[in-house]
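J.: pasted the sequence and its predicted model underneath.
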Amino acid sequence: MSSEGVEQRKHGHGTAVVTPVMCNPFVHRLHYSCLDKIKIAVFSVLVAPIRLILIGFFLLLAWPFAYIACACRSAEDWKEPMTGWRRTMGKPAVGFARCMFFVGGFYRVTIKGELASKEDAPILAVAPHSSYMDSLVFFYSNLPSGVSRAENASLPLFGTLIKYTQPVLVDREDPNSRMNTIKEIKRRAQAAGKWPHVIIFPEGTCTNRSCLISYKQGAFAPGVPIQPVVVRYPNRFDSVTWTWHGPDAYKVLWLSLCQVYNKIEIEYLPVYYPSDEEKADTKLFARNVRAVMAKALNVPVTEYSFDDCRLLTKAQKYELPIQSALFEFQNLRELIGINADNVREGLKKYITLARSLTNEEVSVEEFANHLRLPVSPIITEVFKALSKKKSKINFREFVIALAMVAYPIKQEDGIQRAFQIFSDDKDPRVTEAELELILYQNFGVKGSDAADIFTAAKQGNQSSVSFEEFLSYAHGHPLLAKFISSSAASSSASREEAARKSPRKEENGCVCAPVEGLPHGESAGSDADLIVKDKDA
């Protein structure tokens with residue numbers, strides 16, 4: 001994490017601990033002054049409706065040009081870039097699109113730097129991604145191609161405009177979508193300038209611009225030069241930010257229409273040429289480009305990601321116990337050295353520690369000592385989230401929550417690790433009380449509801465339930481099925497099939513079954529949302 005936005009606190013004998021001081025990047029709260037309320041009320045009646053009608057008018061003017069340019073193109077034609085008169089048809093459409101934003105209140109668009117040629121930098125990496133208003137970058141960058149869900153091309157009216165930009169279309173039903181997307185980006189990037197720029201928002205989701213979150217690696221996989229583009233909204237009242245928790249899309253639009261004017265700054269930074277080392281290591285390439293952009297924006301960086309905001313959504317919606325300290329959990333995970341590369345080994349260490357404790361109930365000082373850390377604000381917040389206002393917490397409960405945070409998308413893996421906290425068997429089993437701890441941390445289920453699940457999931461008169469028994473039952477449960485990965489059943493079947501074809505002993509009885517064609521530990525579609533924000537995830 002960047003050295004910006006941190007504070008150092010002393011503990012014990014002068015031991016220092018660095019504590020990030022950073023607001024939640026996925027939350028945006030509006031603060032209205034009395035003048036703001038009056039202005040919005042007046043503009044809602046006198047100005048916003050007129051602006052909305054004018055936006056629709058210019059949208060309708062732009063559509064015929066895009067439609068004519070796209071007409072009579074076969075599937076084979078779409079594999080090649082538009083040229084000649086078809087490409088020329090886009091100039092009026094771009095003009096009308098700019099007019100849409102102008103009549104919508106974006107009177108002040110400031111451009112800094114220069115857009116590099118397609119030959120010099122075939123990919124544009126844009127950050128921070130904080131609003132659908134960021135689409136203004138398209139219309140000031142010679143209408144580059146984005147990355148979009150395949151179904152968006154079929155939308156009425158907007159679908160034609162999207163198709164005209166010749167986007168890289170992602171089929172979410174295709175398990176190989178991530179690899180196909182990267183291959184297509186690479187093909188275009190290496191076409192010696194025949195295609196338009198490919199524009200990508202590497203954060204993969206919208207934030208409140210307080211920091212730059214972890215970059216997805218799709219933009220950097222081709223290993224070609226990239227032009228970083230940073231976006232700023234220097235407005236007194238921030239009506240444009242559209243995050244996971246804040247004003248919805250309609251409110252963002254209406255509030256923006258109710259401003260006297262809106263300002264946006266688009267800055268094209270110098271082209272970033274990757275070294276041989278960066279070409280071979282996309283993570284390093286992405287981190288270094290992010291550092292350059294963070295410096296230009298004067299904001300810190302953080303390792304929070306798109307996966308984290310999905311976890312936050314789940315935690316808040318179902319009032320899970322970690323929701324009040326989710327980001328402290330993530331910071332603590334970093335402090336104790338658990339990351340995407342060593343998550344299995346890191347969790348195994350704390351699972352072993354939890355089993356070895358003679359007294360599972362620990363105070364905050366004992367909790368910090370087990371983690372080999374001083375008592376700090378991060379430790380305190382995590383402890384408070386789990387203690388339920390008591391003076392001690394169950395250390396195993398902490399490890400269960402840690403597993404959930406470590407596997408925000410692969411829910412099955414996180415739950416399997418939680419089962420292993422209580423049993424060292426190849427097919428781990430848990431008692432009713434132990435299952436309640438797991439259910440509470442992962443789904444907010446406790447008491448009689450947890451007891452009913454235990455009774456229904458276990459086989460016969462046994463006093464415990466296995467992970468496979470629980471997983472089989474969970475797929476048919478109305479609440480649990482929502483969160484168990486849709487690939488869990490197929491993954492289980494794949495494990496059995498793999499065992500039959502190639503019997504082998506798995507470490508701790510755990511088998512990783514990644515989607516075919518993806519690197520170990522990657523999930524299908526993890527780079528598919530490079531530009532399109534999916535708030536329904």
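T.: Arrived safely.
J.: what's the average pLDDT for stretch 355-367?
T.: Throughout stretch 355-367, pLDDT has a mean value of 82.
J.: would you mark the buried spots in that stretch?
T.: 362, 364, 367 (16 or more other Cβ atoms under 10 Å). Backbone N, C-alpha and C define where each C-beta goes, glycine included.
J.: quick one: end-to-end distance for that stretch.
T.: Using Cα to Cα, to the nearest Å, the gap from the first to the last residue of stretch 355-367 comes to 15 Å.
J.: ok, which stretches of the stretch 151-300 of the chain are strands?
T.: Secondary structure of the stretch 151-300 of the chain by DSSP state E, counting those that start in this stretch: the strands cover 168-170, 198-200, 226-232, 263-268.
J.: pick the most deeply packed of these.
T.: Using mean count of other Cβ atoms under 10 Å, the stretch among these with the largest mean neighbour count is strand 198-200, at a mean of 28.
J.: helices or strands up against that strand?
T.: Contact partners of strand 198-200 among helices and strands, from 3 or more Cβ pairs under 8 Å, 6 or more residues apart in numbering; DSSP states H and E: strand 123-127, helix 177-189.
J.: who are the packing partners of the last one?
T.: This points to helix 177-189. Looks like helix 177-189 contacts strand 168-170, strand 198-200 (3+ Cβ pairs under 8 Å, 6+ apart).
J.: possible to save those strands as CSV with mean pLDDT and distance to Lys458?
T.: Shown next, in CSV, are these (pLDDT from 0 to 100; distance: least, Cβ to Cβ, whole Å):
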stretch, mean pLDDT, distance to Lys458
strand 168-170, 83, 41
strand 198-200, 92, 48
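J.: redo those as JSON lines? Include distance to Ala294.
T.: Shown next, in JSON lines, are those (distance: least, Cβ to Cβ, whole Å):
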{"stretch": "strand 168-170", "distance to Ala294": "26"}
{"stretch": "strand 198-200", "distance to Ala294": "17"}
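J.: mind listing the strands in the chain by residue range?
T.: 6-11, 15-20, 108-112, 123-127, 147-149, 168-170, 198-200, 226-232, 263-268, 361-362, 393-394, 429-430, 465-466 (DSSP state E).
J.: now the longest one: mean pLDDT?
T.: Taken as a whole, strand 226-232 has a mean pLDDT of 96.
J.: can you check the fifth one too?
T.: Strand 147-149 shows an average pLDDT of 81 in the prediction.
J.: check which helices and strands that strand is in contact with.
T.: Going by 3+ Cβ pairs under 8 Å, 6+ apart, strand 147-149 lies up against strand 168-170.
J.: chain neighbours aside, what residue packs nearest to Thr207?
T.: What sits nearest to Thr207 in space, not counting adjacent residues and going by Cβ to Cβ, 6 or more residues apart in numbering, is Pro25, at 4.1 Å.
J.: I'd say that neighbour and Thr205 touch.
T.: No. Using Cβ atoms under 8 Å, Pro25 makes no contact with Thr205, being 9.4 Å away.
J.: return every residue with contacts to both of the two.
T.: Shared contacts of Pro25 and Thr205 (Cβ atoms under 8 Å, 6 or more residues apart in numbering): Ile213.
J.: please, where are all the helices along the stretch 51-200 of the chain?
T.: 84-88, 90-103, 136-139, 158-164, 177-189 (DSSP state H, counting those that start in this stretch).
J.: turn the ones you listed into TSV, columns for distance to Ala294.
T.: Output for the helices of the stretch 51-200 of the chain, formatted as TSV (distance: least, Cβ to Cβ, whole Å):
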stretch	distance to Ala294
helix 84-88	35
helix 90-103	27
helix 136-139	18
helix 158-164	30
helix 177-189	23
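J.: a markdown table for those, including mean neighbour count, mean pLDDT and distance to Ala71?
T.: Listed next are these as a markdown table, based on neighbours: other Cβ atoms under 10 Å; pLDDT from 0 to 100; distance: least, Cβ to Cβ, whole Å:
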| stretch | mean neighbour count | mean pLDDT | distance to Ala71 |
| --- | --- | --- | --- |
| helix 84-88 | 12 | 87 | 9 |
| helix 90-103 | 18 | 90 | 14 |
| helix 136-139 | 20 | 91 | 22 |
| helix 158-164 | 20 | 85 | 10 |
| helix 177-189 | 20 | 83 | 23 |
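J.: show the end-to-end separation of stretch 446-464, please.
T.: End-to-end distance (Cα to Cα), stretch 446-464: 17 Å.
J.: for that stretch, which residues meet the burial criterion?
T.: 450-451, 453-454, 457-458, 464.
J.: of those residues, which is the nearest to Met179?
T.: Using Cβ to Cβ, Ala457 is the member of these that sits closest to Met179, with 36.3 Å.
J.: what separation do you get for that closest one and Phe395?
T.: 25 Å (Cβ to Cβ, to the nearest Å).
J.: returning to what we had before: what is the neighbour count of the residue nearest to Thr207?
T.: 26 (other Cβ atoms under 10 Å).
J.: list the contacts of it.
T.: Applying Cβ under 8 Å, 6+ apart, we find Pro25 in contact with 207-208, 210-211, 213, 243, 302, 304.
J.: distance to Ala48 for those - can I get that in JSON lines?
T.: Below are the contacts of Pro25 laid out as JSON lines (distance: Cβ to Cβ, whole Å):
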{"residue": "Thr207", "distance to Ala48": "26"}
{"residue": "Asn208", "distance to Ala48": "24"}
{"residue": "Ser210", "distance to Ala48": "28"}
{"residue": "Cys211", "distance to Ala48": "32"}
{"residue": "Ile213", "distance to Ala48": "32"}
{"residue": "Thr243", "distance to Ala48": "22"}
{"residue": "Thr302", "distance to Ala48": "35"}
{"residue": "Tyr304", "distance to Ala48": "34"}
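J.: could those be laid out in TSV, adding neighbour count?
T.: TSV is the format used below for the contacts of Pro25 (neighbours: other Cβ atoms under 10 Å):
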residue	neighbour count
Thr207	26
Asn208	22
Ser210	20
Cys211	23
Ile213	25
Thr243	23
Thr302	24
Tyr304	25
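J.: now those residues in CSV, with pLDDT and distance to Lys118?
T.: Below are those laid out as CSV (pLDDT from 0 to 100; distance: Cβ to Cβ, whole Å):
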residue, pLDDT, distance to Lys118
Thr207, 89, 28
Asn208, 90, 32
Ser210, 89, 33
Cys211, 89, 31
Ile213, 88, 28
Thr243, 85, 32
Thr302, 81, 32
Tyr304, 73, 32
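J.: so where's the stretch 1-150 of the chain shaky on pLDDT?
T.: Within the stretch 1-150 of the chain, the set of residues satisfying pLDDT under 70 comprises 1-23.
J.: need the strands of the chain in JSON lines with distance to Phe65, can you?
T.: Output for these, formatted as JSON lines (distance: least, Cβ to Cβ, whole Å):
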{"stretch": "strand 6-11", "distance to Phe65": "51"}
{"stretch": "strand 15-20", "distance to Phe65": "48"}
{"stretch": "strand 108-112", "distance to Phe65": "22"}
{"stretch": "strand 123-127", "distance to Phe65": "23"}
{"stretch": "strand 147-149", "distance to Phe65": "19"}
{"stretch": "strand 168-170", "distance to Phe65": "21"}
{"stretch": "strand 198-200", "distance to Phe65": "20"}
{"stretch": "strand 226-232", "distance to Phe65": "25"}
{"stretch": "strand 263-268", "distance to Phe65": "23"}
{"stretch": "strand 361-362", "distance to Phe65": "67"}
{"stretch": "strand 393-394", "distance to Phe65": "63"}
{"stretch": "strand 429-430", "distance to Phe65": "63"}
{"stretch": "strand 465-466", "distance to Phe65": "62"}
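J.: so which of those strands gets nearest Glu80?
T.: That would be strand 168-170 among those, by Cβ to Cβ, at 14.0 Å.
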